[in-house]
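Chemist: Pasted the sequence and its predicted model underneath.
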Amino acid sequence: MIDRIILIRNGTVVIGERVEQQDILIRGETIESIGDLPDVMPDEVFEARGLLVLPGAIDPHIHFNESNKGHRGVHDYLTGGRAAAFGGTTTVIDFGDQIHGQPLLSVLDVKREEARGRAVIDWNLHPIINHVTPEVLEEIPDVVAAGLPSIKCFMTFRSLTGESAVNMYSGKPGRIISDDDFLNLSGRLREAGGMLMVHAEDSAIIDRNALDSQEQGRTKAIDHARCRPPESEASAIRRIVEVAGQTDGRIYIVHLSSIDGLDQVIEARRRGQPVWAETCPHFLIFTEEKLKQDDGYKWLGSPPLRDEATQSALWSGLTEGHISVVATDDCAFSLASKTAGADNFDLCPEGMPGIEPRLTLLYSEGVARGRLSLPQMVNLLSTTPAELFGLAPKKGSLTPGSDADIVLFDPAVDWTMSQETLHMASDYTAYEGVKVTGKVSKVFSRGDLIVDGEDFLAEPGRGEFVACSPSA
């Protein structure tokens, strides 16, 4: 079969720190060359004058086929992948819960089956370990070698009535692991070239607050936030940084949400520890005022939304390079599922649909407002996630030989996000009425045009598992 040749012409291309008008030649699934290419004879030409040409975004924190507190999420590898693509995301990294009594690698078999015939963009997986055993520790090198070098664990969501009981806050068996377990995992991952992802909230603080709040009848969305104060995140980050420091293990803090937590990350990085952090669009766009509304349950998640001062600090963390990635933590449920916990946060599945708006929000609130440069935005959404999680050089940049995952983005379009203008599968959006500048125009995934304006062209099942490489 002869590879199809595509020319993207006259776009403003972002490559590293350079932003300049260039042509991009795609042959088959990969980028062949970049520059002034007047003499090529392509099969198809796409005119990109006036458009930004960006590497496909990578979302390293999404939850497809999620179950929480008895509710099933509405995003899977088709519906969630479609929404991701409309938002300029061409690769996602999902999570798979450890299956007790089975090898850790069995989580990959589960996700392959979920993706079979449905995945429309490329994907990888972070195994979640809830129960550390000698057998699990022995498996780590094989799991990393299989292309799953990042493993997630929790410092919260304790089972309150026994190890096999469902946790009243997460809706799942107790997920918290001990500091000794973190030490063992960090060391084993360090040896294998892997990285430990951590949900860093201090369970001792949260559990006490939550039980008191329930007993006193304070059960609204804002009460959920009060149970998880900023110090619970800072305390947990301080602990995990100290534990990982004993092994020089690589640590990635998910969904950073607090000033004190950010300070802990900054201090660790200044000491030379291999520590990275992500934050999420909802922390950059919304504040806890949303949680005070009658429908505050729509924005309920862990960690919770914070105040304006925190929001400003997180933007500064991005600008100054202290926060390395912006991921969505997409966890999409129906409105009926969320309203089940309208009066009691104990019953509300946590998270919100957010996989689509990320690129536009970061451009509109970051680049267009002068908070970020275009190269900074690309680093946060594409280049750094690819490097941290072992997808580079295949993903994350517009360089010859890399996958032709390319986004054409119109920086001049003003529009309003709503349930009607977004493409996520939930029947509500947390971003209703948010006015933005900039919109995805076209998306290529491995050379295939999968989004063309409002047309979705990807065939279900075309998305592939992409093995991630361990760090050197």
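Modeler: That came through fine. Residues are numbered from 1 along each chain as shown.
Chemist: tally of neighbours for the residue lying closest to I8 once chain neighbours are set aside?
Modeler: Distances taken as Cβ to Cβ, 6 or more residues apart in numbering put I24 closest to I8, at 4.4 Å, once the chain neighbours are dropped. To be clear about C-beta, it is placed using only N, CA and C from the backbone, and glycine gets the same treatment. Using other Cβ atoms under 10 Å, I24 has 25 neighbouring residues.
Chemist: Could you list the buried residues of the strand or helix carrying I24?
Modeler: In the assignment (DSSP states H and E), I24 maps to strand 18-27. For strand 18-27, the neighbour count (16 or more other Cβ atoms under 10 Å) marks V19, Q22, D23, I24, L25, I26, R27 as buried.
Chemist: Against which helices or strands is it packed?
Modeler: Helices and strands touching strand 18-27, by 3 or more Cβ pairs under 8 Å, 6 or more residues apart in numbering; DSSP states H and E, are strand 5-15, strand 30-35, helix 374-378.
Chemist: Give the partner strands of that strand in its sheet and their orientations.
Modeler: strand 5-15 (antiparallel), strand 30-35 (antiparallel) (DSSP bridges).
Chemist: Export those as CSV, with columns for distance to D307, mean pLDDT and mean neighbour count.
Modeler: Formatted as CSV, the strands paired with strand 18-27 follow (distance: least, Cβ to Cβ, whole Å; pLDDT from 0 to 100; neighbours: other Cβ atoms under 10 Å):
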stretch, distance to D307, mean pLDDT, mean neighbour count
strand 5-15, 33, 97, 21
strand 30-35, 43, 96, 17
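Chemist: May I see the ones you listed organised as CSV, with distance to R82 added?
Modeler: Below are these laid out as CSV (distance: least, Cβ to Cβ, whole Å):
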stretch, distance to R82
strand 5-15, 22
strand 30-35, 24
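Chemist: Among those strands, which comes closest to D346?
Modeler: With Cβ to Cβ as the criterion, D346 lies closest to strand 5-15 of those, at 45.1 Å.
Chemist: what's the closest one in contact with?
Modeler: Under the contact criterion Cβ atoms under 8 Å, 6 or more residues apart in numbering, strand 5-15 has outside partners 19-27, 32, 34, 37, 40-49, 51-55, 374-375, 378, 397-399, 404, 406, 408, 444, 447.
Chemist: For it, what is the distance to the chain centroid?
Modeler: 27 Å (Cα atoms, centre = their mean, to the nearest Å).
Chemist: pretty sure the residue nearest to I8 contacts L398?
Modeler: Yes. Counting by Cβ atoms under 8 Å, I24 does reach L398; the two are 6.6 Å apart.
Chemist: tell me, what's touching the two both at once?
Modeler: The contact lists of I24 and L398 share V13, I31, I34, V53, I406, where a contact means Cβ under 8 Å, 6+ apart.
Chemist: Spatially nearest residue to the last one, not counting backbone neighbours?
Modeler: Taking Cβ to Cβ, 6+ apart as the measure, I406 lies nearest to F444, with 4.3 Å between them; neighbours along the chain are not counted.
Chemist: about what we covered before: would you mind giving the helices and strands packed on strand 18-27 as a markdown table with distance to R239 added?
Modeler: Shown next, in a markdown table, are the helices and strands packed on strand 18-27 (distance: least, Cβ to Cβ, whole Å):
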| stretch | distance to R239 |
| --- | --- |
| strand 5-15 | 38 |
| strand 30-35 | 43 |
| helix 374-378 | 30 |
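Chemist: before we move on, the earlier item: contacting residues around the strand holding I24?
Modeler: Looking at what lies outside strand 18-27 - Cβ under 8 Å, 6+ apart - the contacts are 3-13, 15, 31-37, 40, 42, 53, 374-375, 398, 404, 406, 444, 447.
Chemist: Run through the helices of the stretch 351-472 of the chain in chain order.
Modeler: Ranges of helices in the stretch 351-472 of the chain, per DSSP state H, counting those that start in this stretch, are 358-362, 374-378, 384-388.
Chemist: Return the most buried member of those helices.
Modeler: Per-stretch averages of neighbours, counted by mean count of other Cβ atoms under 10 Å, single out helix 358-362 among those, with a mean of 25.
Chemist: Now do the strand holding I24, average pLDDT.
Modeler: Across strand 18-27, pLDDT averages out at 97.
Chemist: try stretch 193-213
Modeler: Rounded mean pLDDT across stretch 193-213 is 94.
Chemist: Please compute how far that stretch lies from its chain's middle.
Modeler: With Cα atoms, centre = their mean, you get 19 Å for stretch 193-213.
Chemist: tell me the centre residue of the protein?
Modeler: Closest residue to the average C-alpha location of the chain: H61 at 2.6 Å, with Cα atoms, centre = their mean.
Chemist: any idea what sits nearest that residue, other than its immediate chain neighbours?
Modeler: A327 (3.6 Å).
Chemist: residue contacts, that neighbour?
Modeler: Contacts of A327 by Cβ under 8 Å, 6+ apart are D59, P60, H61, I62, V254, H255, E278, C280, R358, P385.
Chemist: thinking the fourth one is in contact with T328, fair?
Modeler: Yes. The criterion here is Cβ under 8 Å, and I62 meets it with T328 at 6.3 Å.
Chemist: what's the overlap in contacts for the two?
Modeler: I355.
Chemist: more neighbours, the two?
Modeler: Each of I62 and T328 has its neighbours counted (other Cβ under 10 Å); T328 has more, 30 against 24.
Chemist: Excluding chain neighbours, what is closest to E459?
Modeler: Using Cβ to Cβ, 6+ apart, the closest residue to E459 is V120 (7.4 Å).
Chemist: quick one, strands of the stretch 301-450 of the chain?
Modeler: For the stretch 301-450 of the chain, strands defined by DSSP state E, counting those that start in this stretch occupy the ranges 325-326, 406-416, 435-445, 448-452.
Chemist: and the shortest one, what does it pack onto?
Modeler: Right, strand 325-326. Using 3+ Cβ pairs under 8 Å, 6+ apart: strand 325-326 touches strand 275-279, helix 384-388.
Chemist: Which parts of the stretch 51-200 of the chain are helices?
Modeler: 79-86, 106-115, 134-145, 179-192.
Chemist: Could you list the residues in contact with the last one?
Modeler: Contacts of helix 179-192 with the rest of the structure, by Cβ under 8 Å, 6+ apart, involve 129, 132, 137, 140-141, 144-145, 149, 151, 153, 177, 195-196, 198, 239-240, 243-244, 246-251, 470.
Chemist: What residues sit buried inside that helix?
Modeler: In helix 179-192, counting by 16+ other Cβ under 10 Å, buried: D181, F182, L183, N184, L185, S186, G187, R188, L189, R190, A192.
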